[in-house]
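> turn this into a structure:
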Amino acid sequence: MRNRVNNWLQRIWYQRASPPLLLSPLSQLFRHIVLKRRAWYGAHPGAARRLPVPVIVIGNLSVGGTGKTPLVIWMARLLAQTGYRPGIVSRGYGVRLRQPLLVTAEFDPAQAGDEPVLIAQKTACPVCAFPDRARAADVLLAAGCDLIVSDDGMQHYRMARDIEIALIDGDRRLGNGACLPGGPLREPAERLDSVDFVVCNGGQAQPGEFPMRVHGVTAVNLADETVFRPLTAFRGEKLLALAAIGNPQRFFNGLKESGLTFAAKALPDHHAFVASDVEQEDGMTVLMTEKDAVKCRKFNSTALWYVPVEAELPASFGVRILDRLKEITKVKQNG
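Here you go, the predicted structure:
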């Protein structure tokens, strides 16, 4: 049932020019509410918690996956390589947390959420999961971090930010341009005018946007992660491609670009995997995303492989971020 509703919404959001009449009033109401909420925070700056260190928020306007996690990982690595001690805050989607949780690479995703665990594994930076990102940031400050990166959180106005980066799916863009539920947007499209940087993941970047490419060329075995194969080596094999991410088609398209033929199985984003989800016919190999793999290692099957991906961005984007951080640091130190 959930999949049918999701597929229906995806068709409305990305295959129609406007919402159906049934949903248009709800979209207008949602738009009115989010605009009033943003205006209230603008009129009450003291309601937002301002931290003593720079805060970078990486988010999006549309629901579903746009590639935020690969960009957060890229950003954390850039900052660590240039001398910062970044900490990452994440909501911890799908888990109930009563207090901020400092996440390490060894955590069970059922305890901390799939994205925080993956980020901890790939960055070796402190990661704290909690819906109240300002409280999560306090834990990271106590751990010695001198800069906070928020995985998602553009709409979490209770934590003030110094740099906002909005990520757009270059293929789907903003869909029909309407707010929820008639469209995919959590805030109106004009919200992009107020952010510091816009990054376009895939597709054709528009003027003023920084292009990003996310690619994977090898697969790693879940039962023995010292074993890996180039994706092209799977050509001709009987394959099942499995994805439980916001935009599974991006993963499937990447496999097709490597010349693979497969049966595709899309599951809801942040899906809690059970053994039956990864069962396969004799001789069939399963390829999945890296985010899904953190929840499937428990199955310990040599038939399961995941495809690590890396984000690529122009060097000029990193330069702009670092230059902006220097200005922000000076202001905070003098303020």
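
> do a quick rundown of the strands in the stretch 1-150 of the chain.
Along the stretch 1-150 of the chain, the stretches classed as strands by DSSP state E, counting those that start in this stretch are 55-59, 86-90, 101-103, 127-129, 147-151.

> spatially central residue for the chain, please.
residue 68 (3.0 Å; C-alpha atoms, centre = their mean).

> got JSON lines for the strands of the stretch 1-150 of the chain, with distance to residue 291 and mean neighbour count too?
Yep, even glycine has a C-beta here, placed from its N, CA and C like the rest. Shown next, in JSON lines, are the strands of the stretch 1-150 of the chain (distance: least, C-beta to C-beta, whole Å; neighbours: other C-beta atoms under 10 Å):
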{"stretch": "strand 55-59", "distance to residue 291": "16", "mean neighbour count": "24"}
{"stretch": "strand 86-90", "distance to residue 291": "12", "mean neighbour count": "29"}
{"stretch": "strand 101-103", "distance to residue 291": "14", "mean neighbour count": "22"}
{"stretch": "strand 127-129", "distance to residue 291": "14", "mean neighbour count": "31"}
{"stretch": "strand 147-151", "distance to residue 291": "12", "mean neighbour count": "27"}
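
> could I get those strands as CSV with distance to residue 161 and mean pLDDT?
CSV is the format used below for the strands of the stretch 1-150 of the chain (distance: least, C-beta to C-beta, whole Å; pLDDT from 0 to 100):
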stretch, distance to residue 161, mean pLDDT
strand 55-59, 4, 97
strand 86-90, 11, 97
strand 101-103, 21, 95
strand 127-129, 16, 96
strand 147-151, 7, 96
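
> could I get those as CSV with distance to residue 285?
Converted to CSV, the strands of the stretch 1-150 of the chain look like this (distance: least, C-beta to C-beta, whole Å):
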stretch, distance to residue 285
strand 55-59, 33
strand 86-90, 31
strand 101-103, 30
strand 127-129, 31
strand 147-151, 31
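
> quick one: residues contacting residue 195.
Counting by C-beta atoms under 8 Å, 6 or more residues apart in numbering, residue 195 makes contact with 154, 164-166.

> er, residue 318 actually
Contacts of residue 318 by C-beta under 8 Å, 6+ apart are residue 78.

> got the buried residues for the host helix or strand of it?
Residue 318 is part of helix 315-334 when elements are defined by DSSP states H and E. Residues 317-318, 321, 324-325, 328-329 are the ones in helix 315-334 that count as buried (16 or more other C-beta atoms under 10 Å).

> C-alpha coordinates for that helix, CSV please?
The C-alpha coordinates for helix 315-334 follow below in CSV (Å, rounded to 0.1, in the frame of the first residue of the first chain):
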residue,chain,number,x,y,z
ALA,A,315,37.6,22.7,-7.2
SER,A,316,36.2,26.2,-7.4
PHE,A,317,33.3,25.1,-5.1
GLY,A,318,35.7,24.1,-2.4
VAL,A,319,37.6,27.3,-2.7
ARG,A,320,34.4,29.4,-2.4
ILE,A,321,33.4,27.4,0.8
LEU,A,322,36.8,27.8,2.4
ASP,A,323,37.0,31.5,1.6
ARG,A,324,33.6,32.1,3.1
LEU,A,325,34.6,30.2,6.2
LYS,A,326,37.6,32.4,6.7
GLU,A,327,35.3,35.5,6.7
ILE,A,328,32.8,33.9,9.1
THR,A,329,35.6,32.8,11.5
LYS,A,330,37.0,36.4,11.6
VAL,A,331,33.5,37.8,12.4
LYS,A,332,32.9,35.2,15.2
GLN,A,333,36.3,35.8,16.7
ASN,A,334,35.8,39.5,16.7
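
> off-centre distance for that helix?
23 Å (C-alpha atoms, centre = their mean, to the nearest Å).

> cool, stretch 268-285 as well?
22 Å.

> average pLDDT across it?
Regarding stretch 268-285, the rounded mean pLDDT is 81.

> domain boundaries for this protein, per the record?
2-212+313-334, 217-308 (automatic domain parsing).

> before we move on, back to that, quick one, which of the strands of the stretch 1-150 of the chain gets closest to residue 179.
strand 55-59 (15.5 Å; C-beta to C-beta).

> got the angle for that closest one vs helix 315-334?
Put simply, strand 55-59 runs at 140 degrees to helix 315-334, going by axes from the mean of the first three to the mean of the last three C-alpha atoms, to 10 degrees.

> which strands or helices does strand 55-59 pack on?
Secondary-structure packing of strand 55-59 (3 or more C-beta pairs under 8 Å, 6 or more residues apart in numbering; DSSP states H and E): helix 68-81, strand 147-151, strand 163-169.

> okay, these in TSV with distance to residue 218 next?
Below are the helices and strands packed on strand 55-59 laid out as TSV (distance: least, C-beta to C-beta, whole Å):
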stretch	distance to residue 218
helix 68-81	16
strand 147-151	25
strand 163-169	24
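
> so for residue 100, which of these sits nearest?
Across the helices and strands packed on strand 55-59, residue 100 has its closest neighbour in strand 147-151 (12.6 Å, C-beta to C-beta).
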